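**Student:** Need a 3D model of the following:
(one chain, ligands or ions: 1)
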Amino acid sequence: MAASVLPDPTHVVAVIGAATAGSEIARILAERRTTVIVIEQNPRPYGKIEDGLPRWHVKQRRDEYEEINKRLDHPNIHYVPMTRLGRDLDFGMLREEWGLSAVVLSNGAWRDRPFPVAGADQWVDQGLVYQNPLIYWFNHYPEANYNGPRYELTPGTTVVGGGLASIDVVKVLQIEMALKGLAARGIQEDMLKLEREGLEPVLKSHNLTWAELGIAPCTLYYRRRVLDMPLSDIAPDATPKRAEAMRMARAKILEKAQRKFLFEFRDLSVPTGLIVENGRLTGIQMSRTEVADGKVRTVPDSARPVTAPMTISSIGSIPEPIPGIPASGEVYQYANAGVGLLLEGRTAIYAAGNVLTGKGNIKDSLVSGTEIGTHIAEAYLGLRPEGDLAPLTEAARERVHQEGLRMAASINAREPLAGEKVAEIMARVRERQRAIGFEGDFRGWIRKMTPPDLQ
Ligand SMILES: Cc1cc2nc3c(=O)[nH]c(=O)nc-3n(C[C@H](O)[C@H](O)[C@H](O)COP(=O)(O)OP(=O)(O)OC[C@H]3O[C@@H](n4cnc5c(N)ncnc54)[C@H](O)[C@@H]3O)c2cc1C
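**Tutor:** Numbering: from 1, shown residues only. So this is what the prediction gives:
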């Protein structure tokens, strides 16, 4: 009798991180009859779609939530929420003791690249703010039960960045400051309207100008030239003419964003020192740079003080270090980066999605053509007046799909696990699911865990 309740021999793969990349890999594997355990640190599985992509992307976020739901809602997928690898689950134990066929890390890039001035991190939340927690706050603070970090945005904030996400940061600042300025005059405005139409038309509808609000705009500092800003991808095989056209497009994108959101911009600027007063970071020393042969050089003795009540660092996200995963500088160290293989062995360890590149743009530039890059940038920046946003890019979806297929092929070359082993692993999974109150109904759990006022 006991033998009849044993599961069939099969592969069992743990996927760490349930969002865009993780859910796609899980689906591909599950459709090939692999048992997939999806381990996610948060209650909900949406990763940067929920906590990174700013909440003015209303439809895009909802669509992507449902795409992820559809992928994860599969009988061969076992969702284990509220379980963080490295905190609730030890990587060494998962790899050595569980006896899995493979582990796939699709845990994204959640660590802000450190601000490039020694000692800066002691001023976090005392004048220095990092992009990831700031956007998390922006996306969630309207929820009645929000209990995460809170930020009081200030006029004249300094933003250090230059990529797409830093444009979102300056948009958040300018929109929030405009809302505040209007509220001070007893006017309640809509964040979505300001994002869609831009600041001036909305202020004009109230017979106001930005100058009349009396709010110092934020300033975005970038270490290279406008033409170097990674606001659109230039394909590696682009002709010189095409590459030049794309560089010009970058300048146009920035110009449009500035026109719409009225922020200041300084290129060729790099932070080289801290200004601290009364136990707070009150500014940074900003040096000039020169760009020659693609390299940035800091001009000696060019530092000048840039004071601001708040400095936001938006210089990129890198994978969180996980004890047991070899790292090389900011990124994990791969046995074969071409196939996302981190560690070989009985339980092979792979990585996929943002975590594979760390910076998230090397692979992007491989898969996305020039037109798509421009398209992403425009949708990302929300600069199109119709407000019709692209879905999370077909190129990005295709990329994770291809990664999943590649991994499935490699994993299927291995021996399936015996029924007894599968049962043993599933007993561990059920124990964890019970401990956190997940009873196996994925859609029911999502309903229960979705705040009624989530945007
Ligand atoms: C401000 C901003 C704007 C953006 N705008 C766009 C846009 O307009 N268009 C576009 O295409 N892309 C955009 N992106 C990028 C896009 O959102 C991400 O690249 C993409 O969603 C990443 O997907 P992912 O699955 O690789 O990683 P993530 O979405 O980061 O998923 C990783 C998952 O792993 C979980 N996790 C992390 N660590 C652990 C752990 N230790 N244990 C268990 N679980 C863990 C996380 O909770 C998360 O669910 C934007 C990003 C930002 C920050």
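
**Student:** In contact with residue 264: list those residues for me.
**Tutor:** Residue 264 makes contact with 217, 218, 219, 220, 258 under the criterion C-beta atoms under 8 Å, 6 or more residues apart in numbering. Backbone N, C-alpha and C define where each C-beta goes, glycine included.

**Student:** Among those residues, which are located in helices?
**Tutor:** residue 258 (DSSP state H).

**Student:** which among the contacts of residue 264 gets closest to the ligand?
**Tutor:** residue 220 (14.0 Å; C-beta to the nearest ligand atom).

**Student:** I figured that closest one hits residue 166, correct?
**Tutor:** Yes - between residue 220 and residue 166 there is a contact at 6.2 Å, judged by C-beta atoms under 8 Å.

**Student:** Find residues that contact each of these two.
**Tutor:** 159, 160.

**Student:** Looking at these two, which is more packed in?
**Tutor:** Neighbour count, other C-beta atoms under 10 Å: between residue 220 and residue 166, residue 220 has more, with 28 against 24.

**Student:** Tell me the bridge partners for the more buried one.
**Tutor:** Here residue 220 sits in beta bridges with residue 159, residue 265, going by DSSP bridges.

**Student:** So for it, what's the pLDDT?
**Tutor:** Looking at residue 220, its pLDDT is 98.

**Student:** Ok, residue 411 next?
**Tutor:** Residue-level pLDDT assigned to residue 411 equals 58.

**Student:** change the start of the numbering to 12 and stick with it
**Tutor:** With the count now opening at 12, the last piece we talked about shows up as residue 422.

**Student:** show me the contacts for the nearest residue in space to residue 272 that is not next to it in sequence.
**Tutor:** Closest residue to residue 272 apart from its sequence neighbours, by C-beta to C-beta, 6 or more residues apart in numbering: residue 185 at 4.4 Å. Residues in contact with residue 185 (C-beta under 8 Å, 6+ apart) are 210, 228, 229, 272, 273, 274.

**Student:** can you do 10 Å?
**Tutor:** 164, 168, 205-206, 209-210, 221, 226, 228-229, 268-269, 271-274 (C-beta atoms under 10 Å, 6 or more residues apart in numbering).

**Student:** so what's the residue nearest to the spatial centre of the chain closest to, chain neighbours aside?
**Tutor:** The centroid of the chain falls nearest to residue 59 when counting by C-alpha atoms, centre = their mean (4.5 Å). Of all residues not flanking residue 59 in the chain, residue 119 sits nearest, at 6.1 Å (C-beta to C-beta, 6+ apart).

**Student:** Would you agree that neighbour falls within a helix?
**Tutor:** No - the assignment for residue 119, made by DSSP: H, G, I helix; E, B strand; the rest coil, is coil rather than a helix.

**Student:** Now narrow the contacts of residue 275 to whatever sits close to the ligand.
**Tutor:** Among those, no residue lies close to the ligand (C-beta under 6 Å from any ligand atom).

**Student:** about what we covered before: for the residue nearest to the centre of the chain, which three-state class applies?
**Tutor:** helix.

**Student:** need the contact list for it.
**Tutor:** 30-31, 75, 119-121, 143, 146-147, 150, 176, 328, 364-365, 371, 403.

**Student:** Top of those by number of neighbours, please.
**Tutor:** residue 364 leads the contacts of residue 59 on contacts (other C-beta under 10 Å) with 31 neighbours.

**Student:** And that residue, how far from the ligand?
**Tutor:** 3 Å (C-beta to the nearest ligand atom, to the nearest Å).

**Student:** isn't that residue right up against residue 37?
**Tutor:** No - taking contacts as C-beta atoms under 10 Å, residue 364 lies outside contact range of residue 37: 11.8 Å.

**Student:** before we move on, back to that, pLDDT score assigned to the residue nearest to residue 272?
**Tutor:** Predicted confidence (pLDDT) for residue 185: 98.

**Student:** which non-adjacent residue is nearest residue 337?
**Tutor:** residue 344 (4.1 Å).

**Student:** I'd like the distance between the one you found and the ligand.
**Tutor:** Applying C-beta to the nearest ligand atom, the value for residue 344 to the ligand is 18 Å.

**Student:** Test my guess that that residue contacts residue 332.
**Tutor:** No - using C-beta under 10 Å, residue 344 is not in contact with residue 332; the gap is 11.2 Å.

**Student:** joint contacts of the two?
**Tutor:** residue 338.

**Student:** wait, which of the contacts of residue 275 is closest to residue 253?
**Tutor:** Nearest to residue 253 among the contacts of residue 275: residue 269, at 25.0 Å, using C-beta to C-beta.

**Student:** can you count the residues close to that closest one?
**Tutor:** 17.

**Student:** Could you report the separation of the residue nearest to the centre of the chain from residue 319?
**Tutor:** 27 Å (C-beta to C-beta, to the nearest Å).

**Student:** Low-confidence ranges, this structure, go.
**Tutor:** 12-15, 350, 368-425 (pLDDT under 70).

**Student:** Need the residues that contact stretch 305-312.
**Tutor:** 234-236, 239, 279-281, 283, 298-302.

**Student:** one more time with 7 Å, if that's ok
**Tutor:** Residues external to stretch 305-312 that are found in contact with it (C-beta atoms under 7 Å, 6 or more residues apart in numbering): 234, 235, 281, 283, 298, 299, 300, 301.

**Student:** how about the CA coordinates for it, as CSV?
**Tutor:** Output of stretch 305-312 as CSV, limited to C-alpha atoms (Å, rounded to 0.1, in the frame of the first residue of the first chain):
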residue,chain,number,x,y,z
GLY,A,305,35.2,55.6,-23.5
LYS,A,306,36.9,56.1,-20.2
VAL,A,307,35.9,58.5,-17.4
ARG,A,308,38.6,60.5,-15.7
THR,A,309,38.0,62.6,-12.7
VAL,A,310,39.6,66.1,-13.1
PRO,A,311,41.9,66.7,-10.2
ASP,A,312,41.1,69.6,-7.8
